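Student: okay, here's the prediction I keep looking at, along with the sequence it came from:
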There are 2 protein chains.
Amino acid sequence: MTNSVDAERTQTKPGKRERLVEAAVRVFYEQGIEKTTIADIARVAEVPVGNVYYYFKTKDQLIEAAIGAHARSLDQIVAELERLDDPRERLKSLIQGWVDGRELAVRFGCPFGSLTAELTKRADPLDGHAAEVMRALVDWAERQFAIMGRSDARELAVALIASYQGISLLTNAFRDPGLMAAEGDRLARWIDSL
Amino acid sequence: MTNSVDAERTQTKPGKRERLVEAAVRVFYEQGIEKTTIADIARVAEVPVGNVYYYFKTKDQLIEAAIGAHARSLDQIVAELERLDDPRERLKSLIQGWVDGRELAVRFGCPFGSLTAELTKRADPLDGHAAEVMRALVDWAERQFAIMGRSDARELAVALIASYQGISLLTNAFRDPGLMAAEGDRLARWIDSL
DNA sequence: GTCTATACCACGATAGAC
DNA sequence: GTCTATCGTGGTATAGAC
């Protein structure tokens, strides 16, 4: 239940907070933020409802934690891509990852895009945090295009990420994974042509 | 209050139902579906809350009416574009319309895309109705590319609409109308190059 | 730290006077 | 056809026993 380190520090049971964040990420993605209740998240995390408030005082704090999890997730993906030498291969590998996840996109769209879209319709300043994560992705893509010697790297990076966000929405709306696959091929050919 | 025709037919005050639909479209767009209450719509439409239920028995019916309004709106846009002779000019005129509306995109994204995205996260079959409207737009774009002699017309149409949906999301997330303007220019050059 | 019970409020929807 | 008052439900968040 408690590992040796945590037991000595009189901390909470390890994993509980993490389970809540994981559950929040998943349920926000599948149901949307507004439709999910604290009880939904607690159930998926297998934590009693009332206990959630020990870890997160408000629903907004759970949203913020979910954004943080997406940021770490993106860091991991980028670190993996950086192991490739050629910027073209990096970008095409990123695209391949999108295509590989197309069945999820069919059901719920882009995990991070749908979250960002929902957050911009809120009053709280949480949408700014989501935008930062999105910006990190665009910045990374821009760097790859710059290495390729493109002076219009920023514009190309924005266009690439926009294409992914848009095709995620259409794939989701039309429930057709083939759209994502075809657009992935098209974008890969485009990268090679630059 | 009642015009001569309606008075004789013992109908409801003219415009009241229309005002409710208009208000629904606007408030759903600005706040998102889940966050808007019947009271919100009633207030904007300047109709007493309880009276809403005379026109629409459920919130879902208001959503359906809003989708219908978007469909009619799209029909109007397309009819306007059809007055141009060249398919390239039609597509570029469509794009110009998107760029002209960039300040709204900064605040709330694409009026119809954000609605569609939200509806796919619902249980009801309402998302299918939204998808039909989106499909009508893709179909129209496909026809233009086909007239241009492209055998890959469908793929190009999907890519075009996806780019718009995606750049709307980024324009909204980053609060930067310049993104939409730059992407509009890029897409116009792309159309000319085909 | 954990969990139950519950306060409190906002929303969708309805009843029924006018 | 219009409008007020209200019911029932379900949500966030808290109090306080363990």
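Tutor: Right, received. Where do you want to start?
Student: which residues touch A:Ala39?
Tutor: A:Val49 (CB atoms under 8 Å, 6 or more residues apart in numbering or on different chains). Bear in mind the C-beta positions are built from the backbone N, C-alpha and C, glycine included.
Student: any idea which element it lies in?
Tutor: Element membership for A:Ala39 (DSSP states H and E) is helix A:38-45.
Student: what's the spacing between that helix and its chain's center?
Tutor: Relative to its chain's centre, helix A:38-45 lies at 20 Å (CA atoms, centre = their mean, to the nearest Å).
Student: whether it contacts DNA strand D - can you check?
Tutor: Yes. Applying CB under 7 Å from any atom of the strand, one finds helix A:38-45 touching DNA strand D at A:38-39.
Student: show me which positions of that helix end up buried.
Tutor: Within helix A:38-45, the residues scored as buried using 16 or more other CB atoms under 10 Å in any protein chain shown are A:38, A:40-42, A:44-45.
Student: and A:Leu170, how far is that from DNA strand C?
Tutor: For A:Leu170, the distance to DNA strand C (CB to the nearest atom of the strand, to the nearest Å) stands at 28 Å.
Student: quick one: contacts for that residue?
Tutor: A:Leu170 makes contacts with A:176, A:179, B:134, B:138, B:158, B:161-162, B:165, as judged by CB under 8 Å, 6+ apart.
Student: tabulate the residues you listed (CSV), appending secondary structure, distance to DNA strand D and neighbour count.
Tutor: CSV is the format used below for the contacts of A:Leu170 (DSSP: H, G, I helix; E, B strand; the rest coil; distance: CB to the nearest atom of the strand, whole Å; neighbours: other CB atoms under 10 Å in any protein chain shown):
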residue, secondary structure, distance to DNA strand D, neighbour count
A:Asp176, coil, 31, 17
A:Leu179, helix, 33, 26
B:Met134, helix, 29, 21
B:Val138, helix, 35, 19
B:Val158, helix, 36, 24
B:Ile161, helix, 34, 24
B:Ala162, helix, 32, 24
B:Gln165, helix, 28, 27
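Student: quick check: the farthest pair among these?
Tutor: The span of the contacts of A:Leu170, defined through CB to CB, is set by A:Asp176 and B:Gln165 at 14.7 Å.
Student: count of residues packed around the closest residue to A:Gln165 other than its chain neighbours?
Tutor: Leaving aside its sequence neighbours, A:Gln165 sits nearest to B:Gly166 (CB to CB, 6 or more residues apart in numbering or on different chains; 3.7 Å). B:Gly166 sits with 28 neighbouring residues when counted by other CB atoms under 10 Å in any protein chain shown.
Student: so how far is A:Glu183 from B:Gly166?
Tutor: The gap separating B:Gly166 from A:Glu183 is 11 Å, by CB to CB, to the nearest Å.
Student: joint contacts of the two?
Tutor: Residues touching both B:Gly166 and A:Glu183 (CB under 8 Å, 6+ apart): A:163, A:167.
Student: so who does A:Ser93 touch?
Tutor: By CB under 8 Å, 6+ apart, the neighbours of A:Ser93 are A:81, A:84.
Student: what helix or strand is it on?
Tutor: Secondary structure assignment for A:Ser93, by DSSP H and E: helix A:87-100.
Student: buried residues in that helix, which are they?
Tutor: Buried residues in helix A:87-100, defined by neighbour count with 16+ other CB under 10 Å: A:87-88, A:90-95, A:98-99.
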